[in-house]
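Asks: From the sequence below, what's the structure:
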Amino acid sequence: MKQLLRAALTLVFICSLALSQTLDRKSARTSKAEQQIAAVNRQWADAITKANAVALDRLFADDLIVTSGNGEIRSKAGEIKDATGAPDPDFSWTHPFTTENVRINIYKDAAVVTGLAKWGFKYKGNQVNQERRYTHTYIKQKGQWRIVAQQISSNLYKKP
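Replies: Residues are numbered from 1 along each chain as shown. The predicted structure follows:
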């Protein structure tokens, strides 16, 4: 009886070690994917601030669908054009495009990112501050994370 109990306890111990190692490996993979997505999310914000069409073209999937705060639907080409259009001489950044409260959920080769985007600019002498919630859906294509869907909330900025 003692030998059976000892064998059962040994088996439980070995199984718990194996499960712990499996969970540690899974956690490391998830952490790496989350780091990759966080980096792509920062690249997106930087590309918006710099009006970098080349970077946005790389970050967006060819079949990107964007739903703007007013409900307008745009394609990849439309989003890049909107984000990188000809600079207006009356426009200047006062606060670069940044993201906060970013949450990342990974689902194998897909991810959902939510966050708060903030930016500020002067246009024709008026200060404009923007805050909008966003949701990105990413998929991994040929080893690269790309944004396939983007939803932006309506303006959250409240005047003081």
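
Asks: And the strands in this protein, which stretches?
Replies: Counting by DSSP state E, the chain has strands at residues 60-67, 73-74, 91-107, 110-123, 126-141, 144-152.

Asks: so where's this structure uncertain?
Replies: Counting by pLDDT under 70, the chain shows low-confidence ranges at 1-30, 86, 155-160.

Asks: Any idea which of the strands of the chain gets closest to E34?
Replies: With C-beta to C-beta, the closest approach to E34 among the strands of the chain belongs to strand 91-107: 4.9 Å. Quick note: C-beta positions are derived from backbone N, CA and C, even for glycine.

Asks: Contacts only, for Q151.
Replies: 66-67, 134-135 (C-beta atoms under 8 Å, 6 or more residues apart in numbering).

Asks: Mark which of these are buried, thanks.
Replies: 66, 134 (16 or more other C-beta atoms under 10 Å).

Asks: ok, so of the contacts of Q151, who is nearest D109?
Replies: Using C-beta to C-beta, T135 is the member of the contacts of Q151 that sits closest to D109, with 18.0 Å.

Asks: burial of G143, as a residue count?
Replies: By other C-beta atoms under 10 Å, 5 other residues sit near G143.

Asks: now it: how far from D109?
Replies: 10 Å (C-beta to C-beta, to the nearest Å).

Asks: same deal with S31?
Replies: Distance of S31 to D109, given as C-beta to C-beta: 16 Å.

Asks: neighbours around F60, how many?
Replies: Neighbour tally, F60, other C-beta under 10 Å: 22.

Asks: ok, the residue nearest to it when sequence neighbours are not counted - contacts?
Replies: Nearest non-adjacent residue to F60, counting by C-beta to C-beta, 6 or more residues apart in numbering: K76, 4.8 Å away. When contacts are counted by C-beta under 8 Å, 6+ apart, K76 touches 57, 60-64.

Asks: List buried residues within those residues.
Replies: Those of the contacts of K76 that meet the buried threshold are 60-61, 64, by 16+ other C-beta under 10 Å.

Asks: Make JSON lines from those and add distance to N41 to it.
Replies: Below are the buried ones among the contacts of K76 laid out as JSON lines (distance: C-beta to C-beta, whole Å):
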{"residue": "F60", "distance to N41": "13"}
{"residue": "A61", "distance to N41": "15"}
{"residue": "L64", "distance to N41": "15"}
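
Asks: which one of those residues is nearest G120?
Replies: For the buried ones among the contacts of K76, the nearest to G120 is F60 (24.3 Å; C-beta to C-beta).
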